[in-house]
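> need a 3D model of the sequence below.
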Amino acid sequence: MVTHLFTHRDCLFHDTGTGHPERADRLRMVLHKLDGEEFADLVWHEATLAERSLIELAHEKNYVDKIEESYPDKGVVQLDPDTFVSPGSRNAALRSVGAVRDAVDLVMTTEDTNAFCAIRPPGHHAEPDIAMGFCLFNNIAIGAFYARQKYNIQRIAVIDFDVHHGNGTQVMFENEPDFLYISSHQEAPFYPGTGFSSETGAQGNILNLPLPSGAGSHEFRVAMEDHALPTLENFNPEILFISAGFDAHARDDRANMFLTEDDYQWISRKLVDIARKSSNGRLISVLEGGYDLIGLANSAEIHVKALLEA
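Numbering: from 1, shown residues only. The predicted structure is shown next:
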């Protein structure tokens, strides 16, 4: 299995303002970790710019207009209580969407490949017409719709282990019976206040696994072993996406969960195995949250190692 990394320096120029947790240093730390000798086999690619028609596979036209009009000539503009844009945000957002599209094209046309998209801004909170939670465009959902449109594949799964529920991805998938969305996250009322186990989608294609505040390895692994992994195996996806947020790490003080690098290695290996059995290894992991720089970088490192070792 060959692992490919999609990223672009434009993603560093999305300025969210002084003191904001979703900052360029997050990506710098991840890329620094992945540039060592032990990652010599990792194949790096510069992400292309997404075109508007790609974004509109998942977002409303009026919303795309609104985001395009929001980018300032200088300074930082606030879109909601915690989502900001700057002059560099336009290309960063387009590179992030483009990275996932590029990864889809690669894994769908090359055997024995998987991919990690090291990008920002993140995407899983962005709804069809709403920017929120640091997210402008829903990178992973756009990639899923693109995979279906371009390659005519039907069974598409996203598993999300970010500490926050991916409300945007759920909204975009809940009326798509051939799409599966699985999320483990700290339970509401923790942000964004969604992701109850009762939210199952129009065809039972949504599986939410809310975990209590203070949960750690045991609770996470039980939820995955008893619910997420069997559901994913039964679905037998033709392509598997991972919303790879690392903010459930014990070091990350924006939440109250206590996962470790061992947990991320464990779940990464499990997901690689499922992708190998169901889709000839077609797996695309997309960076979401993670705000403690050390916890994020170490977790991303162990996650990509698991992809490389497949």
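> S217 reaches E261, doesn't it?
No. Using CB atoms under 8 Å, S217 makes no contact with E261, being 10.8 Å away. Heads up, the C-betas are built off the backbone N, CA and C, glycines and all.
> look at the two and report which has more neighbours.
E261 (18 against 15; other CB atoms under 10 Å).
> what's the closest non-adjacent residue to the more buried one?
Across the structure, with CB to CB, 6 or more residues apart in numbering as the measure, the residue nearest E261 apart from its sequence neighbours is I302 (4.7 Å).
> now swap in A24 and tell me
With CB to CB, 6+ apart as the criterion, A24 has its nearest non-adjacent residue at 4.5 Å, and that residue is L12.
> for stretch 162-179, give the mean pLDDT please.
Averaged over stretch 162-179, pLDDT sits at 98.
> end-to-end on that stretch?
Terminal residues of stretch 162-179 lie 19 Å apart, using CA to CA, to the nearest Å.
> give me the buried positions along that stretch.
Neighbour-count burial for stretch 162-179, with 16 or more other CB atoms under 10 Å as criterion, is recorded at 162-174, 176, 178-179.
> and the helices in the stretch 151-300 of the chain?
167-173, 217-223, 229-235, 261-279, 293-308 (DSSP state H, counting those that start in this stretch).
> tell me if I'm right that A99 and E46 touch.
No. Counting by CB under 8 Å, A99 does not reach E46; the two are 9.0 Å apart.
> these two touch, right, N175 and Y181?
No. Taking CB under 8 Å as the contact criterion, N175 and Y181 are not neighbours in contact, 11.5 Å apart.
> joint contacts of those two?
Jointly contacting N175 and Y181 under the rule CB atoms under 8 Å, 6 or more residues apart in numbering are G201.
> what is the neighbour count of Y264?
Each residue near Y264 was counted by other CB under 10 Å, and the total is 25.
> related to what we said a few turns ago, among the buried residues of stretch 162-179, which two are most distant?
Set against one another by CB to CB, these have their most distant pair in V163 and D178, with a gap of 27.7 Å.
> residue ranges with poor pLDDT in this structure?
Scanning the chain with the threshold set as pLDDT under 70 gives no residue ranges.
> quick one, longest strand in it?
For the chain, the strand with the greatest residue count under DSSP state E is strand 179-186.
> okay, buried residues for that strand please.
F179, L180, Y181, I182, S183, S184, H185, Q186.
> tell me what angle that strand forms with helix 261-279.
Strand 179-186 and helix 261-279 meet at an angle of 170 degrees, taking axes from the mean of the first three to the mean of the last three CA atoms, to 10 degrees as the criterion.
> ok now strand 179-186, how far from the chain's centre?
11 Å (CA atoms, centre = their mean, to the nearest Å).
> on that earlier part again, these two touch, right, the residue nearest to A24 and R28?
Yes. Checked against CB under 8 Å, the pair L12 and R28 is within contact range at 6.8 Å.
> neighbour-wise, which of those two wins?
When neighbours are counted by other CB under 10 Å, L12 and R28 differ, and L12 comes out ahead with 18 against 14.
> ramachandran coordinates for W44?
Geometry field for W44 lists phi and psi as phi -90, psi 140, criterion degrees, to the nearest 10.
> which residues sit in contact with it?
When contacts are counted by CB under 8 Å, 6+ apart, W44 touches H4, L5, T7.
> please tabulate the residues you listed in CSV, including the columns distance to I142.
Output for the contacts of W44, formatted as CSV (distance: CB to CB, whole Å):
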residue, distance to I142
H4, 18
L5, 19
T7, 17
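> filter those residues down to just the ones in strands.
Of the contacts of W44, the ones assigned to strands by DSSP E are H4, L5, T7.
> dump the residue contacts of the residue nearest to A24.
Counting by CB under 8 Å, 6+ apart, L12 touches A24, L27, R28, G88, A92.
> any chance of those residues in a markdown table, with secondary structure too?
Rendered in a markdown table, the data for these read as follows (DSSP: H, G, I helix; E, B strand; the rest coil):
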| residue | secondary structure |
| --- | --- |
| A24 | helix |
| L27 | helix |
| R28 | helix |
| G88 | coil |
| A92 | helix |
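> check which residues of stretch 269-281 are buried.
When neighbours are counted by 16+ other CB under 10 Å, the buried residues of stretch 269-281 are found to be R269, K270, L271, V272, I274, A275, R276, S278, S279, G281.
> hmm, I typed the wrong one, I wanted stretch 69-81.
Along stretch 69-81, these residues count as buried under the neighbour rule (16+ other CB under 10 Å): S70, Y71, L79.
> which of the residues you listed fall within strands?
Members of those lying in strands (criterion: DSSP E): L79.
> between the buried residues of stretch 69-81, which sits nearest G19?
For these, the minimum distance to G19 (CB to CB) is 17.1 Å, reached by L79.
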